[in-house]
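Q: Kindly return the folded structure for what I paste below:
(one chain, ligands or ions: 1)
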Amino acid sequence: MARLLAHARFIVGALALMFVVTVAAPASAQQAVRNPDGSVNPTASAVQEDQLLRQLRIIDGRVSIPDKKAGNLEQPAGRDWREFHQKTLPWIAAIVILGMLAALIIFYLTRGMVKIERGRSGRVIVRFNALERFFHWMTASCFIVLALSGLNITFGKLLLAPIFGIDAFAAWSQWAKYAHNYLSFPFTIGVVLILLMWVANNIPNKVDVEWVKRGGGIIGNDHPPAERFNAGQKMIYWIVILGGTASAITGYLLMFPFYATGIEGMQTAQAVHGVVAALFIAAMLGHIYIGTIGMEGAFEAMGEGTVDENWARQHHALWLDEEKARAGSGPRGQVRAAGTPAE
Ligand code: HEM
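A: As a prediction, this is how the structure comes out:
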């Protein structure tokens, strides 16, 4: 009996010990993982990686090189950024750009080119001088290269790499990247010059409200009077100024990493840059459409610098009257036969 009791005491003792060990173990592990203030102790051996990530939002190792950022091992925002960059941004850009292209094609097929209703008069008037045209084309050509080289970053790996092969795609992308970086400078200068050159003609006023109410010159067949630039052109102007400024600021944050912002700021800058670029490209497609196949006589304004008098009467009647009124003060405003050079 005494031996039986001794066995029972041993079994009960062992069970009690097991209970204490199982209950106490997680508590002691939690003590090691948590600091007394409840925060995660990153040096605890049992600490869970995802716990650390959730609390610190970044996991850094130690590196002996001067660039301490190289010790960054994990950052959850990096995964969100990659998801945005690989999936969301290409979708946004494709919808915005292809949507605009489709809208323009449908518009062209239903509306057709806006003609000079009274036909050409054979007399022309200066619309843009050589300097204005030079700044316009400098900015526009940089924009086209920036757009194509930028879209290569968004879509190239998906669309071009399978066609060209990875080596050719890498070589092309490197050149595209050089072009994107270096042409950003003349582009930015061009945006500043455009701002200074045409701001006085692009302040919205009552004439624009009337112009919009009457559907501009392109939606119906009405041609409401407009000054040098109509409300639609003013909108394009401000898109260029604001879009150009936004893409320049965010672009330089990316081009000069870690000068003005950390990794999360750069991720935001990249997302904004990509979305602004898509909207900007779509808006410029509309601008290119109206300046070429959308409107008879428009391209020559920026090509040769002059427009036909009947074009000017139809689309910018108030501007034509103003120019004619000051015709005595220089080549501007003088109406001359097409083909004769300005004096
Ligand atoms: C001053 C102007 C600009 C600067 C400094 C600039 C700079 C940059 C930089 C540094 C990148 C990141 C490149 C990389 O990841 O290696 C980038 C990407 C990009 N840029 Fe620009 N850029 C400028 C203007 C523009 C303009 C005007 C457009 C469009 C017309 C544009 C379109 C894009 C696009 C689509 C991307 C790729 C976005 C992505 O998928 O990540 N950029 N830019």
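
Q: secondary structure element for G119?
A: G119 is part of no helix or strand when elements are defined by DSSP states H and E.

Q: Let the chain start at 305 from now.
A: That works, and once the first residue is 305, the last one we named lands at G423.

Q: Go through stretch 557-564 and flag the buried ones.
A: Using 16 or more other CB atoms under 10 Å as the test for burial, stretch 557-564 gives L557. Just so you know, the C-beta spots here come from the backbone N, C-alpha and C atoms, and that holds for glycine as well.

Q: and it, anywhere near the ligand?
A: Yes. Using CB under 6 Å from any ligand atom, stretch 557-564 reaches the ligand at 558-559.

Q: got the end-to-end distance for that stretch?
A: Distance between the two ends of stretch 557-564: 7 Å, counting by CA to CA, to the nearest Å.

Q: What lies in contact with that stretch?
A: Applying CB atoms under 8 Å, 6 or more residues apart in numbering, the contact partners of stretch 557-564 are 373, 485, 488, 565, 569-570, 573-574, 577.

Q: what separates it from the chain centre, distance-wise?
A: Here the centre of stretch 557-564 is set off from its chain's centre by 17 Å, with CA atoms, centre = their mean, to the nearest Å.

Q: Out of the contacts of stretch 557-564, the closest to the ligand would be?
A: Relative to the ligand, the closest of the contacts of stretch 557-564 is S488; by CB to the nearest ligand atom it sits at 3.4 Å.

Q: isn't that closest one right next to T554, touching?
A: No. Counting by CB atoms under 8 Å, S488 does not reach T554; the two are 11.1 Å apart.

Q: higher neighbour count, these two?
A: The neighbour count for S488 versus T554, taken as other CB atoms under 10 Å, is higher for T554 (22 against 18).

Q: was I right about that one contacting M570?
A: No. Taking contacts as CB under 8 Å, T554 lies outside contact range of M570: 9.2 Å.

Q: give me phi/psi at A406?
A: Dihedral angles of A406 (phi, psi; degrees, to the nearest 10) stand at phi -60, psi -40.

Q: just G342 next, same as before
A: Torsion angles, degrees, to the nearest 10, at G342: phi 90, psi -10.

Q: give me the number of residues near it?
A: The number of residues packed around G342, counting by other CB under 10 Å, is 6.

Q: Could I get the contacting residues of it?
A: With CB under 8 Å, 6+ apart, G342 has no contacts at all.

Q: how close does E608 get to G643?
A: Distance of E608 to G643, computed by CB to CB, to the nearest Å: 10 Å.

Q: the more surrounded of these two?
A: Higher neighbour count among E608 and G643: E608, with 14 against 7, using other CB under 10 Å.

Q: and the more buried one, how far is that from the ligand?
A: Relative to the ligand, E608 is positioned 26 Å away (CB to the nearest ligand atom, to the nearest Å).

Q: Just the pLDDT at that residue, thanks.
A: pLDDT, E608: 95.

Q: Got the phi and psi for it?
A: The phi/psi pair for E608 (degrees, to the nearest 10) reads phi -90, psi -20.

Q: List only buried entries from the contacts of stretch 557-564.
A: 488, 570, 573-574, 577.

Q: And those residues, which two are furthest apart?
A: The span of these, defined through CB to CB, is set by S488 and M570 at 16.1 Å.

Q: Just give me the neighbour total for the residue nearest to A605 when sequence neighbours are not counted.
A: In space, and not counting its chain neighbours, A605 is closest to R431: 4.4 Å by CB to CB, 6 or more residues apart in numbering. Residues near R431, counting by other CB under 10 Å, number 22.

Q: element containing the one residue in the stretch 505-647 of the chain that gets nearest to the ligand?
A: Taking CB to the nearest ligand atom, the ligand has its nearest neighbour within the stretch 505-647 of the chain at G555, 2.3 Å off. Secondary structure from DSSP H and E places G555 in helix 535-559.

Q: Tell me how far that helix lies from the chain's centre.
A: Chain-centre distance of helix 535-559: 9 Å, with CA atoms, centre = their mean.

Q: Same check on stretch 509-527?
A: The chain centroid and the centroid of stretch 509-527 are separated by 29 Å under CA atoms, centre = their mean.

Q: can you list the residues that contact it?
A: Residues from elsewhere that reach stretch 509-527 (CB under 8 Å, 6+ apart): 415, 418, 421, 528-531, 534-536, 538, 594, 598-599, 618-619, 621-622.

Q: Of these, grab the buried ones for ChimeraX.
A: Those of the contacts of stretch 509-527 that count as buried under 16+ other CB under 10 Å are selected in ChimeraX with:
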select :418,528,529,530,531,534,535,536,538,594,598,599,618,619
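
Q: For the residue in the stretch 305-454 of the chain that the ligand sits nearest to, which non-adjacent residue is spatially closest?
A: Proximity of the stretch 305-454 of the chain to the ligand (CB to the nearest ligand atom) peaks at G454, 2.3 Å away. In space, and not counting its chain neighbours, G454 is closest to A581: 5.4 Å by CB to CB, 6+ apart.

Q: Lovely, talk soon.
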